[in-house]
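Peer 1: Sequence first, predicted model second:
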Amino acid sequence: MDELAPYRHLVVLAEAVCAHIHADRTDELAQTQEEFGQRLAELHGPAPEAAEPLLRRAFELHLEATRALESRRAEILAELGDVRRGRTAAAGYRPAGLEPAKSVDRAA
């Protein structure tokens, strides 16, 4: 059996995670992240010396994925902030004495 196969597979999974993030495929992202974690947990003992470049690459891809997710999170939070500000501004134009419409999240 090829002792580096599990490490190569980690790199393939890490590349897939990055691809899913960049393509905004959240369903596939969750599945691939779970598989990556499972495969990582299956590694036991010290890694062979030849696996170091593969582990380094998987780590770099993991950092790339983390940064991309953090960036996307910031974008989403900014969009939500715009929605709240718009809702507040629109409420200012409501005629006096009218009750705001009820909404699912109970926000006016």
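Peer 2: In hand now; what should we look at?
Peer 1: so where does the residue nearest the centre of the chain fall, helix or strand?
Peer 2: What sits nearest the mean C-alpha location of the chain, by CA atoms, centre = their mean, is Leu69, with 4.2 Å. Element membership of Leu69, judged by DSSP states H and E, is helix 52-91.
Peer 1: can you pull the buried residues of that helix?
Peer 2: Along helix 52-91, these residues count as buried under the neighbour rule (16 or more other CB atoms under 10 Å): Leu54, Arg57, Ala58, Leu61, His62, Glu64, Ala65. The C-beta positions use only the backbone N, C-alpha and C, and glycine is treated the same way.
Peer 1: any low-confidence regions in the chain?
Peer 2: 1, 85-108 (pLDDT under 70).
Peer 1: mind listing what the residue nearest to the centre of the chain touches?
Peer 2: Neighbouring residues of Leu69 by CB atoms under 8 Å, 6 or more residues apart in numbering: Ile21.
Peer 1: ok, Glu64 to Ala23 distance?
Peer 2: 14 Å (CB to CB, to the nearest Å).
Peer 1: Then Ala14?
Peer 2: 15 Å.
Peer 1: Neighbour count: the two, which is higher?
Peer 2: A side-by-side neighbour count of Ala14 and Ala23, using other CB atoms under 10 Å, places Ala14 first with 24 against 10.
Peer 1: quick one: what helix or strand has Ala47 in it?
Peer 2: Under DSSP H and E, no helix or strand contains Ala47.
Peer 1: From what I see, it and Tyr7 are in contact.
Peer 2: Yes: using CB atoms under 8 Å, Ala47 makes contact with Tyr7 at a distance of 6.9 Å.
Peer 1: intersection of neighbour lists for those two?
Peer 2: With contacts taken as CB under 8 Å, 6+ apart, Ala47 and Tyr7 have Leu55 as neighbours in common.
Peer 1: so how far is Arg8 from His20?
Peer 2: 19 Å.
Peer 1: And these two? Which one has more around it.
Peer 2: Using other CB under 10 Å as the criterion, His20 and Arg8 rank with His20 on top: 20 against 14.
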